[in-house]
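[1] Any chance you can model this:
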Amino acid sequence: MTEARERRAVPRIRLADRPAARVRGVREVRLRDLSLAGAQIEHLAVLRLGAACALELPPPGEACTLAAQVVWCTVVGRKRKLGGESHLMVRSGLRFPTLTAPQHAALADTLHYLATALQPIA
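    Presented below is the predicted three-dimensional model:
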């Protein structure tokens, strides 16, 4: 059996606890994975492909807002709220096309922290 090849240009960190993040104009954003090139988020609204947005990274780490672009968006199910209200559950891929040097450094620090925090204890 052959192994699946990673098609991403840079490694990503999967975030099992799915911390809350913010994207302006989007409700209930959860961060699923993160890399120096982009992120995968889960949220309650369909995003338009190619749309520009701003992702605010959650603590811990330095507060950082990154300019992003939606590269894919897919509906994965529905989420029912108290009172019977229902919302679409959506996942989207974001790319960081233009990071400044301070943003790149803050993102690298955040990734380093997450990679260290997710290492199993010997």
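[2] buried ones in the strand of greatest length in the chain?
    Identified as the longest strand of the chain according to DSSP state E is strand 65-80. Using 16 or more other C-beta atoms under 10 Å as the test for burial, strand 65-80 gives Leu66, Ala67, Ala68, Gln69, Val70, Cys73. Backbone N, C-alpha and C define where each C-beta goes, glycine included.
[3] Same check on stretch 21-40?
    21, 23, 26, 29-35, 37-40.
[4] what's the closest of those to Arg12?
    Of all the buried residues of stretch 21-40, Arg12 sits closest to Ser35, with 3.8 Å by C-beta to C-beta.
[5] who touches the closest one in this structure?
    Arg8, Val10, Pro11, Arg12, Ile13, Leu111 (C-beta atoms under 8 Å, 6 or more residues apart in numbering).
[6] go with 6 Å
    By C-beta atoms under 6 Å, 6 or more residues apart in numbering, Ser35 lies in contact with Val10, Arg12.
[7] That one and Leu66, how far apart?
    12 Å (C-beta to C-beta, to the nearest Å).
[8] Could you give the separation of stretch 69-78 from the chain centroid?
    Relative to its parent chain, stretch 69-78 has a centroid offset of 12 Å by C-alpha atoms, centre = their mean, to the nearest Å.
[9] cool, and stretch 41-54?
    The answer for stretch 41-54 is 11 Å, by C-alpha atoms, centre = their mean.
[10] Stretch 107-115 too?
    Worked out by C-alpha atoms, centre = their mean, stretch 107-115 lies 13 Å from the chain centre.
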